[in-house]
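Peer 1: Dropping a prediction and its sequence here:
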Amino acid sequence: MQLRNLEIPTGAVFAPMAGLTDAACRHLMADHGAAWTVSEMASAKALNFNDAKSFALLKDKHPHGLYAIQLFGAEPAALEKAVYAVQEKGIAFDILDINMGCPAPKITNSGAGSKLLLDPPLCGQMVAAARRALGDEKPLTVKMRIGWDEANRTGVEVAKQCEANGADLLAVHGRTREQMYVPPINAEAIAEIKAAVGIPVLANGDVTSAEGALELLQRTGCDGVMIGRGALGEPWLFDRVRAALLGQPAPAEPTLNQRMNTLRAQIYEMCEDKGEWLAMPQARSQAMHYMKGLRGAAALRRYCSMLEHFTDVDTLIDAVYKLQE
């Protein structure tokens, strides 16, 4: 796939998830074959006010592979100004993404995220504003849902507006905002959006296996898939999807030692990047995902919730080994 100046490698894209896709997590997914990764989303308004924490969300000192930054907002002028500000700060990125899919009330109550889907012309204006500030060289993408609710399934109209105003690719989560993260995604609604535009579309939602990724591509006719929650604690999913897309044999499943070494390395990088005091509370949820499928997983997840120091990670890993004997 070619997006403006970028040749995109074969593989699934790692979706942005608030509070979960920090640099250590992104680097891990990229190292296992993610086509590109995306920052946590930053507020355009906060960037306009030169908020240091918001700029920090977008900075990656040593990005692995192609790296996108994601902005959210509801005012085209504020978004345009924010894109200029990011570039003036010298923040390195390969792709700019606009969030039109976040269902969280704290985002939608301001008119941003998936609330934008109720106003397709405004979605187009947001894309046009970002494109003006970004220029013609770098790709501009949009993360969206199929609509606000069943009465407002505006995905096709929004997609057309985004394409007409300069978006290069759409990533479509196959649920409405009202549905949040259940029930299963509506692949047919994604397919309708794909058929309505000429730019590439990624299908997003419920992919937890290489077979599931191929099935979703077949059902939607999309150009690729985006994976979020399914890869947490399971970065090897990107290796498997990449192999499947290339028609190669599936790679060997990771051993327990490899899983635990990866968990330890991820949390170590988090501590190096943020400091132990900030990193360890965030590491608790990351560690819980690695417990999936293990004997005694419920007890191990409770232990994960009590991690306070990096040394606690080794104690957790010792407990994992003992329970698997």
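Peer 2: Here it is on my side, so go on.
Peer 1: C-alpha from now on. contacts and neighbour counts both.
Peer 2: OK.
Peer 1: Quick one: residues contacting I267.
Peer 2: A24, A279, M280, A283, F310 (Cα atoms under 8 Å, 6 or more residues apart in numbering).
Peer 1: actually F14, not the one I wrote
Peer 2: R26, M29, A34, A35, W36, T37, V38, M226, I227, G228.
Peer 1: Go through those residues and flag which are in helices.
Peer 2: Judged by DSSP state H, these include R26, M29 as members of helices.
Peer 1: could you redo the contacts of F14 as TSV and give each row pLDDT?
Peer 2: Listed next are these as TSV, based on pLDDT from 0 to 100:
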residue	pLDDT
R26	98
M29	98
A34	98
A35	98
W36	98
T37	98
V38	98
M226	98
I227	98
G228	96
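Peer 1: As JSON lines, the contacts of F14 with distance to D97 would be great.
Peer 2: Formatted as JSON lines, the contacts of F14 follow (distance: Cα to Cα, whole Å):
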{"residue": "R26", "distance to D97": "16"}
{"residue": "M29", "distance to D97": "18"}
{"residue": "A34", "distance to D97": "16"}
{"residue": "A35", "distance to D97": "15"}
{"residue": "W36", "distance to D97": "12"}
{"residue": "T37", "distance to D97": "11"}
{"residue": "V38", "distance to D97": "8"}
{"residue": "M226", "distance to D97": "13"}
{"residue": "I227", "distance to D97": "16"}
{"residue": "G228", "distance to D97": "15"}
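Peer 1: just the buried members of the contacts of F14?
Peer 2: Among the contacts of F14, those scoring as buried are R26, M29, A34, A35, W36, T37, V38, M226, I227, G228 (criterion: 16 or more other Cα atoms under 10 Å).
Peer 1: measure the fourth one to N5 for me?
Peer 2: Yep, that's A35 we're talking about. 15 Å (Cα to Cα, to the nearest Å).
Peer 1: Could you do the second one as well?
Peer 2: Look at M29 and N5: by Cα to Cα, they are 23 Å apart.
Peer 1: Mind checking what secondary structure the residue lying closest to I98 once chain neighbours are set aside has?
Peer 2: Ranked by Cα to Cα, 6 or more residues apart in numbering and with sequence neighbours excluded, the top spatial neighbour of I98 is V142, at 4.8 Å. Assigned with DSSP: H, G, I helix; E, B strand; the rest coil, V142 falls in the strand class.
Peer 1: for G293, same thing?
Peer 2: Assignment for G293 (three-state DSSP): coil.
Peer 1: Repeat that for the one 5 residues further on.
Peer 2: In the three-state summary, A298 is assigned as helix, counting by three-state DSSP.
Peer 1: Give the buried residues for stretch 103-115.
Peer 2: P103, I107, T108, G111, A112, G113, S114, K115.
Peer 1: Next: stretch 178-188.
Peer 2: Q179, I185, A187.
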